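1. Predicted model and sequence below, questions to follow.
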Amino acid sequence: MWMEGKLQELTIHILPPEVSALIAAGEVVERPASVVKELVENSLDAGASHVSIEVKQGGLDLIRVTDNGKGIPSSDLALAFHRCATSKVTSAQDLARITTLGFRGEALPSIAAAADVEMLSRPADAVAGTYLRLADGKPVGQGTWGAPVGTTVTVLNLFAKQPARRKFMRSPTAENQHIANLVSQYALAYPEVRFSLLLEGRQALITSGSGQLTDAVASVHGADVAAAMLPVRWPEDGERTAITVTGLAGPPHISRASRGYVSLFVNRRWVQNRRLTFAIEEAYSGLLTTGRHPIAIVDLRLPYEEVDVNVHPTKAEVRFRQENEAFAAVQRAVRQALLEQAPVPSLPSTAGVAVAQPTTPQETTLPPLWQRALEREAAVRAAADTVAPSPKVSLPLLRVVGQIGNTYIVAEGPEGIYLIDQHAAHERVLFEEICAARQRQALDAQGLLEPTMVEVSPRQKEVILAHYEVLSEHGFHLEPFGERTYLIRAVPAVLPGKDLSQAFAEFLDILGEETAPDERERVAITLACHAAVTAGQPLAVEEMRELVRRLEQAQVPHTCPHGRPTMIHMSTALLEKEFRRR
Ligand code: ADP
Ligand code: MG
């Protein structure tokens, strides 16, 4: 029903100024991935069932997108490269009800202004294809070629004449990650379309085009994830409502360390929307450990006039007329899928089972004594922060008294009581040990008796290729095993054998992040976090003593590498005062 607009056949025309003035202005070609996005969207708008993408040098040398869509009549080919030329909208009313991915008429001219472009297209009723070559945005050649029905756009030497832009590009591998992620998203949004992505001659992604979302998920996230996904469907079968939500939600036991695994589509458009992403995360509340994020593919459909796409030039943001309704529908749909189908999580406090993180002490109601101790700790930390990187703030020798809640170690020192968070403390200890060992180039790897096979997403694969060295330096010995599969032959020696594929996925996320500066430090933090004892794990007195002894050796014993306190100190003076001994 929503798609009726797509069937309308319009020819390419230049929008009248009063209509083009209403279109959100701005740059669409910021980076190679934006070119891929615009070309893929054009192919999908043309009704293609096959879309192939080929990329060289992160897209700077070549981007080629080939589709089997409806093609462009030869008489319209040059017109398509005019500013504000589109076949998708005509009037201001159309803009209030956008049914296609494109509507601005800006992509082709913008691409042609930043690169050399060749377009070859053949509509079904033509006997041959017509090609058009452009340099500096102007046609430099046109002719006829034999071609299958559909369109091929080749973009060469992107940003060659904009050295500033070219310099700004991080690296071809980083750009390839973006492109792999982008094409993955479209593959998830259009399971009926067969996508193929070739990055630097490697087949990075291929989907079946079977129309089954599960198949697309298997191509992108791997067969194991696909098999575990829970169907999302709202409302229940039969009911007719203006808003529908469908998709697949990962069960809580499959989680990730980054938010990048939530794919959100609104009327089949891949969008970024914080509130809706939050709605999905909210649906998982209580089911995922703090800091973990779900894998979910959510496809929200609502009447076109309820969504404003004309907000941002890259069309990645949308506005809803009734955002609260959209939010509620998404949250309800995902929550229902989880509650009805996910096995109830059991939280036994046995060793090795990750249980929900304890809330930080600040969040619970504490007796005044503890509150004051916390305030003191905060003051200490604030002071410590100002002198960072700290000279060694050593701990006194501590005597272990016991463990409470299988989470905190109680210890006594010359200056009162120390309550130590076992996970945070262990993280601190391991983090420093890992950093020191790396400096000595003495980070041990532990060979696995049975290699573990992991399937990686196209994006993760790009991360592996880009950071192979850092991974092996930290003890991950990988061996390619097919296009998208690796054998892990050895792991960092500090990492216990459990949930290896999850830990590995997390490393790739951390390494793939673009913003944070020091990748080695991030890897060390993640490694420490995974290897550390968890909250809820009973420890023998000997183990606690060993941990406290190592903490005493740490350079910065008072905080974990994430900045949480490792301990709360209650001084003798404070105790005396509280018990009114003085
Ligand atoms: P928009 O997509 O906003 O209309 P573009 O500059 O991306 O603007 O494309 C201009 C026009 O060229 C489109 O409206 C469409 O008619 C035509 N076109 C572009 N790419 C294709 C394609 N792959 N197949 C068929 N037509 C295309
Ligand atoms: Mg377009």
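-> Yep, it's here. Ligands and ions are numbered 1, 2, ... in the order given.

2. What is the burial count for the closest residue to residue 255 other than its chain neighbours?
-> In this structure, residue 255 finds its nearest non-sequential neighbour in residue 292, 3.9 Å apart by CB to CB, 6 or more residues apart in numbering. From N, CA and C alone the C-beta is placed, and that goes for glycine too. The tally of other residues near residue 292 (other CB atoms under 10 Å) stands at 20.

3. Quick check, residue 292 in contact with residue 257.
-> Yes: using CB atoms under 8 Å, residue 292 makes contact with residue 257 at a distance of 6.8 Å.

4. Which residues of the stretch 301-450 of the chain lie near ligand 1?
-> Nowhere does the stretch 301-450 of the chain come near ligand 1, counting by CB under 6 Å from any ligand atom.

5. what sits against the residue of the stretch 301-450 of the chain at minimum distance from ligand 1?
-> Per CB to the nearest ligand atom, residue 315 is where the stretch 301-450 of the chain lies closest to ligand 1, at 9.2 Å. Neighbouring residues of residue 315 by CB atoms under 8 Å, 6 or more residues apart in numbering: 101, 104, 269, 309.

6. what helix or strand does it sit in?
-> For residue 315, there is no helix or strand it lies in under DSSP states H and E.

7. And the helix or strand containing residue 573, what does it pack against?
-> Assigned by DSSP H and E, residue 573 belongs to helix 572-578. Counting contacts by 3 or more CB pairs under 8 Å, 6 or more residues apart in numbering; DSSP states H and E, helix 572-578 packs against helix 368-386, strand 416-421.

8. Least confident of these, on average?
-> The minimum mean pLDDT among those belongs to helix 368-386 (a mean of 41).

9. and the angle for the next helix-or-strand element following that one with strand 416-421?
-> Reading on from helix 368-386 to the C-terminus, the next helix or strand found by DSSP H and E is strand 399-404. For strand 399-404 against strand 416-421, the angle by axes from the mean of the first three to the mean of the last three CA atoms, to 10 degrees is 50 degrees.

10. How about residue 259, nearest residue that isn't a chain neighbour?
-> residue 293 (5.0 Å).

11. what are the bridge partners for the one you found, then?
-> residue 256 (DSSP bridges).

12. That one and residue 418: what is the separation?
-> 33 Å (CB to CB, to the nearest Å).

13. now swap in residue 46 and tell me
-> In this view, residue 46 and residue 418 are 67 Å apart by CB to CB.

14. Show me which positions of stretch 506-521 end up buried.
-> Within stretch 506-521, the residues scored as buried using 16 or more other CB atoms under 10 Å are 506, 507, 508, 509, 510, 511, 512.

15. what about that stretch, start to end distance?
-> Criterion CA to CA, to the nearest Å; first-to-last residue distance in stretch 506-521 is 14 Å.

16. Tell me the residues of the stretch 1-150 of the chain that contact ligand 1?
-> 12, 38, 42-43, 46, 67, 69-72, 80, 85-88, 102-108.

17. One more pass at 5 Å, please.
-> Counting by CB under 5 Å from any ligand atom, the stretch 1-150 of the chain comes close to ligand 1 at 12, 42-43, 46, 69, 72, 80, 86-88, 102, 104-105, 107-108.

18. All the helices of the stretch 451-582 of the chain, in order from the start?
-> Applying DSSP state H, counting those that start in this stretch to the stretch 451-582 of the chain gives helices spanning 458-473, 500-512, 519-531, 541-553, 572-578.

19. Save the ones you listed as JSON lines, and put in distance to ligand 1 and mean pLDDT too.
-> Shown next, in JSON lines, are those (distance: least, CB to the nearest ligand atom, whole Å; pLDDT from 0 to 100):
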{"stretch": "helix 458-473", "distance to ligand 1": "22", "mean pLDDT": "87"}
{"stretch": "helix 500-512", "distance to ligand 1": "29", "mean pLDDT": "83"}
{"stretch": "helix 519-531", "distance to ligand 1": "36", "mean pLDDT": "84"}
{"stretch": "helix 541-553", "distance to ligand 1": "59", "mean pLDDT": "90"}
{"stretch": "helix 572-578", "distance to ligand 1": "68", "mean pLDDT": "85"}
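
20. And these: which comes nearest residue 227?
-> When these are compared by CB to CB, helix 500-512 sits nearest residue 227, at 13.9 Å.

21. Please work out the angle formed by the directions of the closest one and helix 519-531.
-> Angle of helix 500-512 versus helix 519-531, following the same axes, to 10 degrees, is 160 degrees.

22. ok now helix 500-512, how far from the chain's centre?
-> Put simply, helix 500-512 sits 12 Å off its chain's centre (CA atoms, centre = their mean, to the nearest Å).

23. Pull the number of nearby residues for residue 276.
-> There are 23 residues near residue 276, going by other CB under 10 Å.

24. actually residue 482, not the one I typed
-> 9.

25. Need the pLDDT of it.
-> For residue 482, the pLDDT comes out at 85.

26. likewise the one 4 residues further on?
-> In the predicted model, residue 486 carries a pLDDT score of 92.

27. Would you mind measuring from it to ligand 2?
-> Residue 486 is 36 Å from ligand 2, where distance means CB to the ion, to the nearest Å.

28. my guess is that residue contacts residue 479, does it?
-> Yes: using CB under 8 Å, residue 486 is in contact with residue 479, at 6.5 Å.

29. of those two, who's got more company?
-> Between residue 486 and residue 479, residue 486 has the larger neighbour count (other CB under 10 Å), namely 22 against 11.

30. How about the more buried one: what's its closest non-neighbour residue?
-> residue 478 (4.8 Å).

31. and the one you found, what does it touch?
-> Contacts of residue 478 by CB under 8 Å, 6+ apart are 464, 468, 471, 472, 486, 487, 488, 489.

32. so which helix or strand takes in residue 324?
-> Element membership for residue 324, per DSSP H and E: helix 323-341.

33. just residue 28 next, same as before
-> Using DSSP H and E, residue 28 falls within no helix or strand.

34. so who does it touch?
-> 34, 38, 104, 106, 107, 110, 313, 314 are the contacts of residue 28 under CB under 8 Å, 6+ apart.

35. Among those, which pair sits farthest apart?
-> Greatest spatial distance among the contacts of residue 28 (CB to CB): 34 and 104, at 12.9 Å.

36. out of the two, which sits in the busier spot?
-> Using other CB under 10 Å as the criterion, residue 34 and residue 104 rank with residue 104 on top: 26 against 23.

37. per-residue confidence at the residue nearest to that one when sequence neighbours are not counted?
-> Among residues not flanking residue 104 along the chain, residue 23 sits closest, at 5.2 Å (CB to CB, 6+ apart). On pLDDT, residue 23 comes in at 84.

38. count of residues packed around residue 23?
-> For residue 23, the count of nearby residues is 18 (other CB under 10 Å).

39. swap in residue 339?
-> 11.

40. now do residue 435
-> 17.

41. Quickly find the element holding whichever residue of the stretch 51-200 of the chain sits closest to ligand 1.
-> Proximity to ligand 1, evaluated over the stretch 51-200 of the chain using CB to the nearest ligand atom, is greatest for residue 102 at 2.3 Å. Per DSSP H and E: residue 102 is located in neither a helix nor a strand.
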